[in-house]
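>>> fold the following for me, if possible:
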Amino acid sequence: MGLWCQGKEAFVRTIQSFAQAKIAGSEGTPRCGDVVVLDLQDDDARKCIQKWVASECQVLVACDPHKMTDVVEAVQMGASKVLSKPVSLRDLQEFVEVKEVEQEDVQAWREKYAGEILGNSEAINEALEMAMAASDVDCPVLITGESGTGKELLARALHRASQRAGSACVPVNCPAIPKELVESELFGHSKGAFTGATNARVGRFAAANGGTLFLDEIGEMDLNIQSKLLRVLQDFEITPVGESRSQRVDVRVIAATNRDLEEMSEKGGFREDLYYRLNVVQIHLPPLRERRGDIPMLIDSLLALISDERKLPAPILTDEVRDALIAYRWPGNVRQLRNVLERLVILRRGKEVTLSHLPTCVTRAKKTEEGADAASFELPEEGMDLRRALQRFEETMIRKALLQTEGNKNQAAKILGLNRTTLVEKLRKRPIAVAS
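I've put the predicted structure just below:
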């Protein structure tokens, strides 16, 4: 593996002084797997980022960490890592050594940083692969997914795997903070700033200085606060309530939402500029119903975990009970599944569990599914194309949902038990005409 650099003369000399790097372009051409260090302030180097990325080189881009537009630009052009200027010798050496010794795969990354996120479905592995790629790049991340899918777990994994792991990861539950107190909670306040402010308070941004701020369910944030948050993300300066002087903070922001922020921004419910600022890297966590193959593993792992926490023996689940748990749609996702299993551990200590011990919502769904099975369907003697039949059935259901909701994809997706993004992708691959 070769090490190359490109940029202004002073920058090149600095890199060469401790890394013995060659000058890209003048002393040869970087090849696949080589590491190229570029200075974003140099116009020629800026033009070469995508060229070296296309050549499958590991591109490290040095830029001012407080110029968020530069950081975003570097990430969007495919940079493997963004280095804060002045470039740290340790950061560069650690990166090169890791690339020379091993290429960490998703499973190893998960075991090290995200052991709480269970499942081996393709959707989960794709999410973790994106998280692994984004973890050591100091840029905003937006985690999307329904309530209970593990968005906070993923945010904490991103923090543990980042260069900020030695500092705090501060969570903010946006819907839980009263509207009139959000600004004080985020930015802090001085003594006497408002009625009841008997003491000065450090805000969440200041508490997370040097670390990560996790804004959970940011789609619930008031528009007025959104504008102030946008300014902080642009300048990385906060002004506590009641004070006139601002203070600089060094924070990485990870946001999460169970709402469609793109659709909200189109309708004026969320600031479009803030959405694009947060959405540098978007990671989607799928609902449990879209990864049923993970449910058996989740059941066994959660039962063992809960039994250990409660110091109680795990109950014995019959095959019928397992089938019912796998078939259920789990609108509350992993959180709801854990709640049901915890109840079984507490009430059925080491005893056998039957369908009568499950919540009625699970058993009712199983009966409905059994009543709507294909037992009464007669196969034609000449045979049939099952794949095409299932495709026609899916198209019919999507068409009916769109007709029922007058074309509203968000509502249609809810009726079908899909994510809006999943429905949009299905419509993109196979346009479905809806009669007016």
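>>> hmm, residue 42 is touching residue 5, no?
No: using CB atoms under 8 Å, residue 42 is not in contact with residue 5, being 10.4 Å away. No exception for glycine: its C-beta is placed from N, CA and C like everyone else's.
>>> who's more crowded, those two?
Ranked by neighbour count (other CB atoms under 10 Å), residue 42 and residue 5 place residue 5 first, with 25 against 17.
>>> between residue 42 and residue 5, what contacts are shared?
Residues touching both residue 42 and residue 5 (CB atoms under 8 Å, 6 or more residues apart in numbering): residue 11.
>>> need the per-residue pLDDT for the residue nearest in space to the middle of the chain.
Closest residue to the average C-alpha location of the chain: residue 143 at 3.0 Å, with CA atoms, centre = their mean. Residue 143 carries a pLDDT score of 97 in this model.
>>> measure it to residue 269 for me?
Distance, residue 143 to residue 269, using CB to CB, to the nearest Å: 19 Å.
>>> before we move on, back to that, which of the helices or strands spans the residue nearest to the centre of the chain?
Taking DSSP states H and E as the criterion, residue 143 maps to strand 141-144.
>>> sheet partners, orientation included, of that strand?
Sheet pairing for strand 141-144, assigned by DSSP bridges, gives strand 252-257 (parallel), strand 281-284 (parallel).
>>> hey, which of those is tucked in deepest?
strand 252-257 (a mean of 25; mean count of other CB atoms under 10 Å).
>>> just the CA trace of that one, in PDB.
C-alpha atoms of strand 252-257 as PDB (Å, rounded to 0.1, in the frame of the first residue of the first chain):
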ATOM      1  CA  ARG A 252     -21.000  15.900  16.500                       C
ATOM      2  CA  VAL A 253     -24.800  15.800  16.100                       C
ATOM      3  CA  ILE A 254     -26.600  12.500  15.500                       C
ATOM      4  CA  ALA A 255     -30.400  12.900  15.000                       C
ATOM      5  CA  ALA A 256     -33.100  10.300  14.900                       C
ATOM      6  CA  THR A 257     -36.700  10.400  13.700                       C
END
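>>> tell me the mean pLDDT for the helix or strand that it is followed by?
On the C-terminal side of strand 252-257, the nearest following helix or strand under DSSP H and E is helix 261-266. Here helix 261-266 scores 92 as its mean pLDDT.
>>> which elements pack onto helix 261-266?
For helix 261-266, the packing partners by 3 or more CB pairs under 8 Å, 6 or more residues apart in numbering; DSSP states H and E come out as helix 272-278.
>>> tell me which residues are up against the helix it packs on.
For helix 272-278, the surrounding residues in contact (CB under 8 Å, 6+ apart) are 68, 72, 140, 142, 218, 226-227, 229-230, 233-234, 253, 255, 261-262, 264-266.
>>> in the helix or strand that contains residue 306, which residues are buried?
Taking DSSP H and E as the criterion, residue 306 maps to helix 295-310. Neighbour counts over helix 295-310 (16 or more other CB atoms under 10 Å) mark 295, 298, 299, 302, 303, 305, 306, 307 as buried.
>>> in this structure the third one contacts residue 328, no?
No: Residue 299 is not in contact with residue 328 according to CB under 8 Å; the separation is 11.5 Å.
>>> which ChimeraX command selects the buried ones in the contacts of helix 272-278?
Only the buried entries of the contacts of helix 272-278 go into this ChimeraX selection, using 16+ other CB under 10 Å:
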select :68,72,140,142,218,229,230,233,253,255,261,262,264,265
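>>> between the strands paired with strand 141-144, which one is closest to residue 314.
strand 252-257 (31.2 Å; CB to CB).
>>> just the residues contacting that closest one, thanks.
Residues contacting strand 252-257 (CB under 8 Å, 6+ apart): 138-145, 151-152, 155, 158-159, 162, 164, 211-219, 233, 278.
>>> quick one: which of the residues you listed sit in strands?
In strands, defined here by DSSP state E, the members of these are 141, 142, 143, 144, 212, 213, 214, 215, 216.
>>> what subset of those residues is buried?
Buried subset of the ones in strands among the contacts of strand 252-257 (neighbour count, 16+ other CB under 10 Å): 141, 142, 143, 144, 212, 213, 214, 215, 216.
>>> sorry, back to before: which strands and helices sit next to the helix holding residue 306?
helix 319-327, helix 333-347.
>>> how far does that helix sit from the chain's center?
Here helix 295-310 is found 24 Å from its chain centre; the criterion is CA atoms, centre = their mean, to the nearest Å.
>>> what does stretch 323-335 give?
Relative to its chain's centre, stretch 323-335 lies at 22 Å (CA atoms, centre = their mean).
>>> between the two ends of that stretch, how far is it?
With CA to CA, to the nearest Å as the measure, stretch 323-335 spans 19 Å from end to end.
>>> ok, residue 145 - contacts?
Listed by CB under 8 Å, 6+ apart, the contact set of residue 145 reads 151, 256, 258, 284, 285, 286, 287.
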